[in-house]
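> structure for this input, please:
(one chain, ligands or ions: 1)
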Amino acid sequence: MTAQIIDGKALADELRQSFKARVETLTAKGHKPGLVVILVGEDPASQVYVKNKVNGCLAIGMHSEKIVYDREVDQQVVLDKIAELNADPAIHGILVQLPLPKHFDEEKVLEAISVEKDVDGFHAENVGALSQGAPRFIPCTPYGVMKMFEKGNVDLTGKEAVVIGRSNIVGKPMAMLLINAGATVTVCHSKTKDLNFHTKRADIVVAAVGKPKFVKGDMIRLGAVVIDVGINRLPDGKLCGDVDYADCLEVAGQITPVPGGVGPMTITMLLANTIEAAERKAG
Ligand code: GUN
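Model prediction:
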């Protein structure tokens, strides 16, 4: 068996194309969607992500800007900037790139963002809304994964889903979305005693561990849907996921590649959330 590939790049292109008309309509009504991305420090991976986020907006006619602070900046400076952006009618989405330097209180910063502009969906109120099954903003990466299930015609109802990773950014919201969609969900992580026991019986495996080629073919069940959220850089400079793609290709029923899988979908759903925020404001 060779797995069917769920092409995130193609789906992302298709969706971004469809967003252009919504952006045009909003712009004509005086509500051009605007996203501000705040970056603290010079982490090279974060710099690339932020650049791609801003360029993704500009490519479909949205307004976007990045604000970069030195890693030593006082937290209050960032909080003051967020307050200013909260009050700015031209800005519909505010994103603070994570991780923040150690001297920051991450929760305090995320909580400072207006719930109406929290396009990452990381504010406690928005996390609560998602867990109650009435999301206002769905965190971009798991939102992208849900769109990929849709694209691959993966019916989640009653399925055994295993999420590897329990981060606030991916693992936890992913588990919530799968529960809301009717799956039976197990969340595994670094302390899980027998990971293979869980992954072997799963219809769906979502890997968000941050370890290159961690999920091997003998860890999954024949025909499983394998979603790879990882983006790791190998010593030779090449990108690879958390799934050993070549090893799983003959075992999985459906699989996502890296690059060209979940990655392009994450930014696409950020654009979707920002457009949605502008549409809510436009009424
Ligand atoms: N760092 C890694 N992924 C993300 C994300 O989706 N949003 C933010 N704000 N920071 C991140």
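> how far away is G253 from G223?
According to C-beta to C-beta, to the nearest Å, G253 stands 4 Å off from G223. Where C-beta positions appear, they are placed from N, C-alpha and C, glycine not excepted.
> swap in G144?
23 Å.
> could you do A83 as well?
Following C-beta to C-beta, the distance that separates A83 from G223 is 51 Å.
> list the contacts of the residue in the stretch 151-283 of the chain that the ligand sits nearest to.
Relative to the ligand, the nearest point of the stretch 151-283 of the chain is I169 (5.0 Å; C-beta to the nearest ligand atom). I169 makes contact with L98, F122, P139, T141, according to C-beta atoms under 8 Å, 6 or more residues apart in numbering.
> how would you label it: helix, strand or coil?
coil (DSSP: H, G, I helix; E, B strand; the rest coil).
> OK, contacts around the spatially closest residue to D13 that is not a sequence neighbour?
Nearest non-adjacent residue to D13, counting by C-beta to C-beta, 6 or more residues apart in numbering: P264, 7.9 Å away. By C-beta under 8 Å, 6+ apart, the contact set of P264 is G8, K9, L11, A12, D13.
> just how off-centre is stretch 90-103 within its chain?
Mean-position distance between stretch 90-103 and its chain equals 14 Å (C-alpha atoms, centre = their mean, to the nearest Å).
> what of stretch 272-283?
Centroid displacement of stretch 272-283 relative to its chain, using C-alpha atoms, centre = their mean, is 18 Å.
> flag every buried residue along that stretch.
For stretch 272-283, burial by neighbour count (16 or more other C-beta atoms under 10 Å) applies to A272, N273, T274, I275, E276, A277, A278, E279.
> how about it as CSV, C-alpha atoms only?
Provided in CSV are the C-alpha atoms of stretch 272-283 (Å, rounded to 0.1, in the frame of the first residue of the first chain):
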residue,chain,number,x,y,z
ALA,A,272,-8.4,33.3,7.2
ASN,A,273,-8.7,34.4,10.9
THR,A,274,-7.6,38.0,10.1
ILE,A,275,-10.2,38.2,7.3
GLU,A,276,-12.8,36.8,9.5
ALA,A,277,-12.0,39.4,12.2
ALA,A,278,-12.3,42.2,9.6
GLU,A,279,-15.6,40.7,8.4
ARG,A,280,-17.0,40.6,11.9
LYS,A,281,-16.0,44.3,12.4
ALA,A,282,-17.5,45.3,9.0
GLY,A,283,-20.7,43.6,10.1
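> what's the helix or strand for the residue nearest the centre of the chain?
The centroid of the chain falls nearest to T141 when counting by C-alpha atoms, centre = their mean (1.6 Å). Per DSSP states H and E: T141 is located in helix 140-151.
> my read is R136 is in a helix, agree?
No: under three-state DSSP, R136 falls outside any helix and is assigned coil.
> pretty sure N168 contacts F122?
Yes: under the criterion of C-beta atoms under 8 Å, N168 makes contact with F122 at 6.8 Å.
> could you look up the SS state of N126?
Per three-state DSSP, N126 ends up helix.
> my error: substitute V73 in the last question.
Going by three-state DSSP: V73 is coil.
> now it: closest residue in space that isn't a chain neighbour?
Nearest to V73 is V40, by C-beta to C-beta, 6+ apart, at 6.1 Å.
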